[in-house]
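*Asks:* next one to model:
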Amino acid sequence: MEFKAYKSLPEAAIQIREAVFVREQGFVNEFDEIDKISHHLVLFDGEQPVATCRYYWSDSRNSYVTGRIAVMKNYRGQHIGSLLLKEAEHQIQMMKGENICLHAQVRVKEFYEKLGYHGEGEESLDEGCPHIWMCKKLETQQ
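*Replies:* Numbers count the residues shown, from 1 in each chain. Below you'll find the model as predicted:
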């Protein structure tokens, strides 16, 4: 498996996000203006795109924010989500980022807690789905 980083939204990420968030989970407003300012990661198994996420600097949170973390159904349960998030953290550290936040679906909050993220603030709804902000302090790169 190989990660590829992009400075604009690649077709492979679109395919994954449409499969996971639109068709499986029923989200309507999947693509937004943030995609235009984000870096995007895609994990490939050979030629097959299997997971994606995006990350960007947020002035309002004074932190990098990662999101749209998605793994294709037949690749779940193989720790790919953890690998993807750790790679995003690494990329952010390389850009001298010190903090990372994400707007997690509450149903997967424990997944992020196991990776060192802590909830911040109250739950809110995104297209009717409960979410919570979670953040983590990144280790400083030498």
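
*Asks:* residue ranges with poor pLDDT in the protein?
*Replies:* Along the chain, the parts satisfying pLDDT under 70 run over 140-142.

*Asks:* residues of the longest helix belonging to it that come out buried?
*Replies:* When the chain is parsed with DSSP state H, its longest helix is helix 80-94. Under the neighbour-count criterion of 16 or more other CB atoms under 10 Å, helix 80-94 has 80-81, 84-85, 87-89, 91-93 buried. C-beta here means a position set from N, CA and C on the backbone, and glycine is covered the same way.

*Asks:* with respect to residue 107, which of the residues you listed is nearest?
*Replies:* Checking these against residue 107 by CB to CB gives residue 81 as the nearest, at 13.3 Å.

*Asks:* which non-adjacent residue is nearest that closest one?
*Replies:* residue 71 (5.2 Å; CB to CB, 6 or more residues apart in numbering).

*Asks:* partner residues bridging the one you found?
*Replies:* Counting by DSSP bridges, residue 71 is bridged to residue 51.

*Asks:* will you turn the buried residues of helix 80-94 into CSV that also has distance to residue 122?
*Replies:* Shown next, in CSV, are these (distance: CB to CB, whole Å):
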residue, distance to residue 122
80, 30
81, 25
84, 27
85, 23
87, 30
88, 25
89, 25
91, 29
92, 25
93, 29
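
*Asks:* ok now the longest helix of the chain, how far from the chain's centre?
*Replies:* Averaging C-alpha positions (CA atoms, centre = their mean, to the nearest Å) puts helix 80-94 9 Å from its chain's average.

*Asks:* can you check stretch 47-65 too?
*Replies:* Centroid displacement of stretch 47-65 relative to its chain, using CA atoms, centre = their mean, is 5 Å.

*Asks:* gap between the two ends of it?
*Replies:* Taking CA to CA, to the nearest Å, stretch 47-65 runs 28 Å from one end to the other.
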